[in-house]
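*Asks:* Next input, structure requested:
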Amino acid sequence: MQEDDRMSEKIQTMLSQLLESNPFQILVTLLTLYALFGDDIRVAAFRQDADIGFDALNIICLIVFSFEIILSVICKKGYFLSFFFWLDTISTLSLLLDIQLFNVAVGLSASNGATNTASLARAGRASRVGTKAGRVVRLVRLIRLVKLYKTASKKEDKIANALANRRSKRKYNTVEPSQLQQKTEQIDEQETQTEESKVSKILSDLTTKKVIIVVLILLFIIPLFDTNYYLNPPPSMQVQVEIFIELAQSNYTDRTLIKNTYQKIINDQLDSFTPIVSLNSPLSFDKDFPAYIGPDYANLRSDELDVGSSSFNYDILTNNTADFNTPEFNQSLYAANNSNYVVGMLSLRTYNVLTAILSIVRTLYVSAVLTFGALMFSKDANDLALRPLERMIDKVKKMANDPQSAVEQQLIQNHDNNETVKIENTIIKIGTLLALGYGEAGTEIIKMNMQRQGDVDPMIPGVKKAAIYGFCDIRNFTDATEVLQEDVMVFVNNIGDIVHTVCDRYMGSANKNIGDAFLLVWKIDQATYQFQEDNIIWNDKVYISKLADCALISFMKIQCKINREPKILAYRKDKRLQSRMDNYKVKMGLGLHLGWGIEGAIGSNFKIDASYLSPNVNMAARLEAATKQYGVPLLISNSLQEQFSSAFAEYVRQIDKVTVKGSIEPIGLFTIDMYVDNLPPSTDPKDKYPDFSKDDCKQVLRLKKQDFKEYFYSSEYDTAVLLQENKDLAMILKPFNKDFHNLFGQAFQKYIQGDWKEAKQMFQEASKFKANDGPTETLLSVMSESNFQKPNGWKGYRELTEK
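*Replies:* Numbers count the residues shown, from 1 in each chain. Below is the predicted model of the structure:
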């Protein structure tokens with residue numbers, strides 16, 4: 001089987017080389033030129049005895065063209081039954097009409113031996129029909145010139161590319177100054193040598209086909225709008241007048257014959273499509289030759305009349321015809337004093353009306369064909385080039401104004417997968433990668449460089465902005481890395497997917513991924529605040545309150561999802577992790593803080609990160625680190641807690657007031673109790689949306705994000721409703737113990753006031769409502785270090801010893 005395939009492939013290659021060889025192409029070109037002009041040359045320059053030679057040439061053309069079609073069917077993929085296959089077939093078959101032996105055989109031409117008048121007349125009519133059809137069908141052969149030109153162009157491109165490749169293979173050990181310019185020009189020439197794109201080829205083929213179709217439609221149909229196609233040319237009145245005069249002046253005529261001829265001219269033309277409207281002669285005074293004036297004569301235009309006139313010699317008439325050589329005739333002739341001209345007129349009204357109608361239809365037809373052709377050409381150009389180009393420009397403009405919009409743009413699904421679609425999708429992909437790589441903090445970097453001319457300059461000055469900073473850290477990451485090895489990337493990314501998705505849904509953005517940690521940012525609209533040194537003055541407290549709630553909701557959702565998502569719960573059963581850490585669960589530490597930060601590019605022209613520099617960013621990281629001391633998953637600074645809506649007042653509790661390393665300003669530490677033990681697993685998205693593709697799932701997330709964004713900016717937004725109606729939030733807050741919350745709050749106030757003995761009793765009482773509460777145990781431990789006596793100089797806060 002493989003041997004047969006190789007042999008078949010070898011034969012096909014040989015036939016293809018023959019088809020594209022120069023000798024064969026030259027032969028086909030010469031025969032094509034002959035096929036276009038040969039029959040006209042036969043008629044114009046040769047007599048009938050040369051027809052047999054032209055028949056032989058036409059048969060050779062027929063054979064060669066048929067052979068070419070067969071080779072093309074074998075060697076060219078997609079040629080069989082294609083547009084050009086049918087054109088080639090029709091143009092080849094049209095050669096039969098140029099073979100005189102064929103025309104005689106089918107009755108389109110009379111043979112030399114035909115003597116019967118009727119047979120000659122029928123053959124003459126058939127020959128005229130065949131000639132008309134042949135001239136029209138022969139036009140199809142023009143298409144062969146187009147094909148030959150395209151073949152020659154491809155061959156020229158191959159030769160040029162071959163020469164360029166040869167030059168590119170030359171090696172220069174040393175480059176002299178005189179050779180430098182030459183080498184540069186060669187490199188530039190090679191760079192300009194580009195292979196024809198799929199779009200270019202499709203557009204070229206479509207344009208060629210449609211030009212051919214339009215031209216053929218015009219050439220085939222235009223003859224139908226010629227009046228002579230339907231009517232024979234009108235008879236000439238001039239000829240009839242001259243026949244009448246010649247008969248009247250003949251030696252072999254008489255009065256009766258002249259009279260009958262005169263009446264016959266009138267009678268024969270009365271019912272024709274060019275009726276006679278006037279006939280007047282010098283003999284009109286005679287009753288046998290009355291002047292004729294048709295009823296429509298007065299209403300005809302000058303261009304609607306075919307006028308024939310010729311002079312009449314009375315002397316010849318009277319000398320040759322005795323009937324007119326009488327005294328009475330001569331006397332009447334003298335008395336009439338008529339003009340010596342015979343004048344006849346035919347009405348061309350019907351002929352002109354048909355011509356005018358056909359002219360109108362022809363104009364409408366040509367206009368329709370040209371309009372249709374223009375629409376077809378513009379449609380192809382629009383679909384394949386212009387519209388994709390406009391979409392690309394629009395996408396680039398959108399990304400220049402809002403780089404993050406690239407993430408939400410969908411790729412074009414096109415089975416043709418031509419270059420414009422690839423470029424358009426590439427623009428989206430590059431924009432998406434830029435947005436993902438730079439994040440929200442890199443928006444200005446991307447925007448500025450895309451909007452301005454000149455070189456790329458990512459090192460733009462930083463901008464001071466207010467934001468909420470969230471820091472997340474994966475617990476026991478070092479152990480997980482050592483155990484999971486290559487699978488640690490999947491592990492981190494599964495968690496990162498949850499963290500980023502939730503943050504994005506609730507008005508935030510991911511800024512930095514640092515191995516086991518994630519920096520999240522909720523940028524605050526600059527119109528809602530102003531800076532007074534490092535203090536933030538709020539112009540819109542409702543907005544910042546809603547955004548602060550969203551940041552806390554995001555971290556609550558993250559904490560819930562890492563304890564519900566099937567892909568995260570699967571790590572609880574991972575033998576590698578369980579053998580290293582008993583009862584292993586994915587856990588995270590979370591820190592939230594609000595403050596100013598400098599947004600900009602960090603790095604150099606070799607590598608940059610778009611992020612934030614500020615003590616406030618570090619504060620979020622310190623809060624996350626401190627969660628280990630307090631035994632809670634989340635710590636919130638008082639600067640953010642102050643902006644929460646009243647909906648969170650009953651849930652958020654203060655657990656300490658401290659100063660951190662490098663700062664003398666005390667900061668209040670808050671947390672919210674989230675109960676994540678024994679949560680039911682959530683539905684796997686694959687089970688929830690079994691028929692959805694990956695892109696469909698992304699679209700669902702985009703729609704959910706858009707819905708929440710619209711809800712956020714609406715007047716109906718209410719955090720309390722979210723806490724009740726959102727399934728995740730409701731589940732982790734359901735076991736909330738209000739008695740514990742109140743008692744802990746009272747104990748904490750005693751701690752701040754310095755009444756540590758009372759605080760101890762109240763904390764111990766609170767422990768009865770919630771055993772093993774991390775903040776309670778931490779504060780009891782702190783107080784026990786001084787035997788539950790407040791230190792000297794107690795100001796209501798302590799120094800956080802660990803970073």
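
*Asks:* Low-confidence ranges, the stretch 601-750 of the chain, go.
*Replies:* Regions of the stretch 601-750 of the chain meeting the criterion pLDDT under 70 are absent.

*Asks:* hey, where'd the strands end up in it?
*Replies:* For the stretch 601-750 of the chain, applying DSSP state E, counting those that start in this stretch gives strands covering 608-613, 634-637, 652-659, 667-672.

*Asks:* Need those in a markdown table (columns: distance to S367).
*Replies:* In short, each C-beta sits where N, CA and C put it, glycine included. Shown next, in a markdown table, are the strands of the stretch 601-750 of the chain (distance: least, CB to CB, whole Å):
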| stretch | distance to S367 |
| --- | --- |
| strand 608-613 | 59 |
| strand 634-637 | 75 |
| strand 652-659 | 77 |
| strand 667-672 | 76 |
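
*Asks:* Pick the most buried one from these.
*Replies:* The highest average neighbour count among the strands of the stretch 601-750 of the chain, using mean count of other CB atoms under 10 Å, belongs to strand 634-637 at a mean of 27.

*Asks:* Identify the residues contacting F85.
*Replies:* Contacts here follow CB atoms under 8 Å, 6 or more residues apart in numbering; on that basis F85 touches 69, 72-73, 79.

*Asks:* What of F740?
*Replies:* So F740 contacts 766, 769-770, 773 (CB under 8 Å, 6+ apart).

*Asks:* Report the two of these separated the most.
*Replies:* Farthest apart among the contacts of F740 by CB to CB are F769 and D773. That separation is 8.7 Å.

*Asks:* For those two, work out which one has more neighbours and name it.
*Replies:* D773 (21 against 16; other CB atoms under 10 Å).

*Asks:* Could you tell me which ranges of the stretch 201-350 of the chain sit under the pLDDT cut-off?
*Replies:* 331, 333-338.

*Asks:* Let me see the ranges of the helices in it.
*Replies:* With DSSP state H, counting those that start in this stretch applied, the stretch 201-350 of the chain shows helices at 227-230, 237-248, 255-270, 314-320, 327-336, 349-381, listed in chain order.

*Asks:* In JSON lines: these, plus mean neighbour count and distance to I498.
*Replies:* Listed next are the helices of the stretch 201-350 of the chain as JSON lines, based on neighbours: other CB atoms under 10 Å; distance: least, CB to CB, whole Å:
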{"stretch": "helix 227-230", "mean neighbour count": "12", "distance to I498": "79"}
{"stretch": "helix 237-248", "mean neighbour count": "18", "distance to I498": "100"}
{"stretch": "helix 255-270", "mean neighbour count": "15", "distance to I498": "100"}
{"stretch": "helix 314-320", "mean neighbour count": "15", "distance to I498": "121"}
{"stretch": "helix 327-336", "mean neighbour count": "12", "distance to I498": "120"}
{"stretch": "helix 349-381", "mean neighbour count": "14", "distance to I498": "47"}
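
*Asks:* which stretch among those comes nearest K607?
*Replies:* Closest among the helices of the stretch 201-350 of the chain, using CB to CB: helix 349-381, at 42.5 Å.

*Asks:* Tell me the first helix or strand C-terminal of that closest one.
*Replies:* Remark: after helix 349-381, the chain's next helix or strand is helix 387-401, criterion DSSP states H and E.

*Asks:* Which other helices and strands does the next helix or strand after that following helix contact?
*Replies:* Counting by DSSP H and E, the next helix or strand C-terminal to helix 387-401 is helix 419-438. Contacts defined by 3 or more CB pairs under 8 Å, 6 or more residues apart in numbering; DSSP states H and E place helix 419-438 against helix 198-221, helix 387-401, helix 443-451.
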